[in-house]
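Enquirer: build me a structure from this.
(2 chains)
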Amino acid sequence: MSAVLETVALAKRFGGLLATDHVSFTLEEGARHALIGPNGAGKTTFVNLLTGVLTPSEGRVLLGAEDVTSLRPDQRVRRGLARTFQINQLFPEMKPLEALALAVSERQGGGNEWWRRIGAGGSGGDGVVAEVARIASRFGLTDVLDRRTASLAYGKQRLLEIALAFACKPRVLLLDEPAAGVPQAERAELISAVAALPREVAVLLIEHDMDLVFAYADRISVLVDGALLTQGPPDEIAKDARVRAVYLGEAQHG
Amino acid sequence: MMAGAMPEPAAVETSLARVFARRASWRLSEIVFWIGAFLILLVWPSRSLLINEIAILALFALSLDLILGYAGIVSLGHAAFFGTGAYVAGLLTKHGLSDPTLGLAIAAASAAALGFATSFLVLRGADLTRLMVTLGVALMLFEIANQAAALTGGADGLQGVAPGPVLGLFAFDIFGRTASVYSFAVLILMFLVARRITNSPFGLSLRSIRDNPLRAAAIGIPVARRLVAVYSIGAAYAGVAGALLAQTTQFVSLDVFDFARSADVLLVLIIGGTGYLYGGLLGAVAFKAMQDGFATITPQHWQFWIGFVLVALVLARRDRLARLGHQGMSFVATRLGIDLGKMGTGS
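Expert: Predicted coordinates:
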């Protein structure tokens, strides 16, 4: 196994606050890796450093063999690092069909083409439509492709959130609390879509829901006060006394 | 619409391709609009000057729609590009390069260059910053044109602009006959290009940026670069509109850079609606008709009524807007004495 995403002593300071404290983290190819930690542990800052929304104060981010520390978010996406958002970040006025076609077409470099009609079908087409159909069927969105995104049920919007990132054909997919706020009735569909993600995609799951984490992840990293406290397979993490102390809090034997 | 519960992948693909094809296909209302516009041009030689003004304003508003309606960049200084185009075309003509279409091309390129240069200022900050930056750029250009009187004629305006015949065939006449057909033809061509652009992957990416720039970047769209591109394209369009004004009125005055011009074009676009390309065109018709109409009815108070209509438009909800728009169209129709039927409501 080799690392597909790696950080080397990654640090981020906000004034006097060390929000990310020299984190050296490795995501293996095809991993199902969860990042957990109590509120304020710095998970969001860490994700923003990985995706390029924030620039680190120190350290490096490697995607495959390439140093991407100084690259913009869109450049990292093109190199195979895609993410979803904890709070939906969709295109409310566009149809899922258009949004997915856009993501696929951008990946093919179509965004610089201003003279060709998007989604031309048939044998002379760009294959965008065929791929949108495949992605939609994988995420159970086929029936709502032609609807306005803002009008979709919340569970469908969460699925679209993941489908959009998946359409970028990532090597690494960062899922930021994918099930957050999804009503119980729509939860199963979402979780099974996450479980069915192909193995060639390495998944980093940032999650609060411990049931989901322990059901899904084969490796867990625990972030506390901006630093990596420990990492390991789920059963080890579950037994770790320090994790219980900081993460599970006073609910355990005080 | 999608097929039943468990559609075949191939069937889904076909129906998706059809949705995309439908998205880009010509709607009946569009065809009616253009036939109507063409008929007006044909039937109304006596109103050629007004038609020319409307075509130029429509093109100017279309250029603002590209950057406001499709990329979400607000501007209070769009006259910067209009004025640049006007002065470039005017000066070229005055100094010997009298071919109108070549003048248009050079004016477009100049305005695009200015748009490209200033786009980097516009990228910074949110809406309020953008309003101030665009306003500031236009004010600076106004003052530069004012001070460079030796070149521009300053407050007296640029005299002696006498363009040659269009395509070497059609000379400009004092009734504005050639001018109106020329401006209208340029408007149609530029509209077709804009329509093509907005249906392309590039155009769709612009809409996504307007909708959610954070997510647009997160699916691999270089947001800043796209905004620079569309701002430059919008500037080129505005430059062509300005050049048309210079060539068809054979005069350029400082007011091409005036704040009122930037404000008017924003008003036109708000009247017509943003983000579907026809807003600028319908808005231009409604605005000119109101201006013309109110000026005839109440020569002293027409600005009051235009202001009144603006406030009413902005406060009215979308559905009421559409109804008012239709009434505006009927008003034009009555003014021009023609039955426009149902046009302008469907789009």
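Enquirer: okay, CA-based contacts and neighbour counts for the rest of this
Expert: Noted.
Enquirer: is it fair to say residue A:4 lies in a strand?
Expert: Yes: using DSSP: H, G, I helix; E, B strand; the rest coil, the assignment for residue A:4 is a strand.
Enquirer: with adjacent residues omitted, what lies nearest to it?
Expert: In this structure, residue A:4 finds its nearest non-sequential neighbour in residue A:64, 4.5 Å apart by C-alpha to C-alpha, 6 or more residues apart in numbering or on different chains.
Enquirer: so how many other residues sit close to that neighbour?
Expert: Using other C-alpha atoms under 10 Å in any protein chain shown, residue A:64 has 19 neighbouring residues.
Enquirer: that one contacts residue A:26, correct?
Expert: No: Residue A:64 lies out of contact with residue A:26 (C-alpha atoms under 8 Å); the separation is 10.6 Å.
Enquirer: which neighbours do those two have in common?
Expert: Common neighbours of residue A:64 and residue A:26, using C-alpha atoms under 8 Å, 6 or more residues apart in numbering or on different chains, are A:3-6.
Enquirer: ok but residue A:173 is inside a strand, no?
Expert: Yes: membership of residue A:173 in a strand is supported by three-state DSSP.
Enquirer: tell me the contacts of it?
Expert: By C-alpha under 8 Å, 6+ apart, the contact list for residue A:173 reads A:81-84, A:165-166, A:201-204.
Enquirer: change it to 6 Å
Expert: By C-alpha atoms under 6 Å, 6 or more residues apart in numbering or on different chains, the contact list for residue A:173 reads A:82-83, A:203.
Enquirer: for the stretch 51-200 of chain A, which residues are neighbours of chain B?
Expert: Contact residues, the stretch 51-200 of chain A versus chain B (C-alpha under 6 Å from any C-alpha of the partner chain): A:74, A:77-78, A:89, A:91, A:103, A:111-119, A:121, A:130, A:133, A:143.
Enquirer: residue in chain A with the shortest distance to chain B?
Expert: Among the residues of chain A, residue A:74 lies closest to chain B, at 4.0 Å counting by C-alpha to the nearest C-alpha.
Enquirer: find the nearest non-adjacent residue to that residue, please.
Expert: Nearest residue to residue A:74 in three dimensions, chain neighbours excluded: residue B:220, at 4.0 Å (C-alpha to C-alpha, 6+ apart).
Enquirer: and the one you found, how close does it get to residue A:101?
Expert: For residue B:220, the distance to residue A:101 equals 13 Å [C-alpha to C-alpha, to the nearest Å].
Enquirer: with residue A:222 instead?
Expert: Using C-alpha to C-alpha, one obtains 36 Å as the distance from residue A:222 to residue A:101.
Enquirer: more crowded one of these two?
Expert: Between residue A:222 and residue A:101, residue A:101 has the larger neighbour count (other C-alpha under 10 Å), namely 26 against 22.
Enquirer: a helix runs through the more buried one, doesn't it?
Expert: Yes: using three-state DSSP, the assignment for residue A:101 is a helix.
Enquirer: pLDDT wise, what is it at?
Expert: Listed pLDDT for residue A:101 reads 90.
Enquirer: so where's the stretch 151-254 of chain A uncertain?
Expert: Along the stretch 151-254 of chain A, the model assigns pLDDT under 70 to residues A:247-254.
Enquirer: can you show me the strands along it?
Expert: Taking DSSP state E, counting those that start in this stretch, the strands of the stretch 151-254 of chain A run over residues A:172-176, A:202-206, A:219-224, A:227-232.
Enquirer: now do the last one and strand A:219-224, the angle between them.
Expert: Relative orientation of strand A:227-232 with respect to strand A:219-224: 160 degrees, computed using axes from the mean of the first three to the mean of the last three C-alpha atoms, to 10 degrees.
Enquirer: roughly how far out does strand A:227-232 sit from the chain middle?
Expert: Strand A:227-232 sits 19 Å away from the centroid of its parent chain (C-alpha atoms, centre = their mean, to the nearest Å).
Enquirer: what of stretch B:123-134?
Expert: On C-alpha atoms, centre = their mean, the centre of stretch B:123-134 falls 21 Å from the chain's centre.
Enquirer: what residue is smack in the middle of chain A?
Expert: residue A:174 (1.9 Å; C-alpha atoms, centre = their mean).
Enquirer: specify the beta-bridge partners of that one.
Expert: Counting by DSSP bridges, residue A:174 is bridged to residue A:83, residue A:204.
Enquirer: from memory it sits against residue A:86, does it?
Expert: No: taking C-alpha atoms under 6 Å as the definition, residue A:174 is not a contact partner of residue A:86, at 10.5 Å.
Enquirer: write out the residues of the stretch 201-347 of chain B neighbouring chain A.
Expert: Counting by C-alpha under 6 Å from any C-alpha, the stretch 201-347 of chain B comes close to chain A at B:201-202, B:211-212, B:215, B:217-222.
Enquirer: in CSV: the residues you listed, plus neighbour count, pLDDT and secondary structure.
Expert: Converted to CSV, those look like this (neighbours: other C-alpha atoms under 10 Å in any protein chain shown; pLDDT from 0 to 100; DSSP: H, G, I helix; E, B strand; the rest coil):
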residue, neighbour count, pLDDT, secondary structure
B:201, 27, 88, helix
B:202, 27, 90, helix
B:211, 20, 90, helix
B:212, 17, 91, coil
B:215, 24, 93, helix
B:217, 21, 92, helix
B:218, 31, 92, helix
B:219, 31, 93, coil
B:220, 28, 91, coil
B:221, 30, 92, coil
B:222, 21, 92, coil
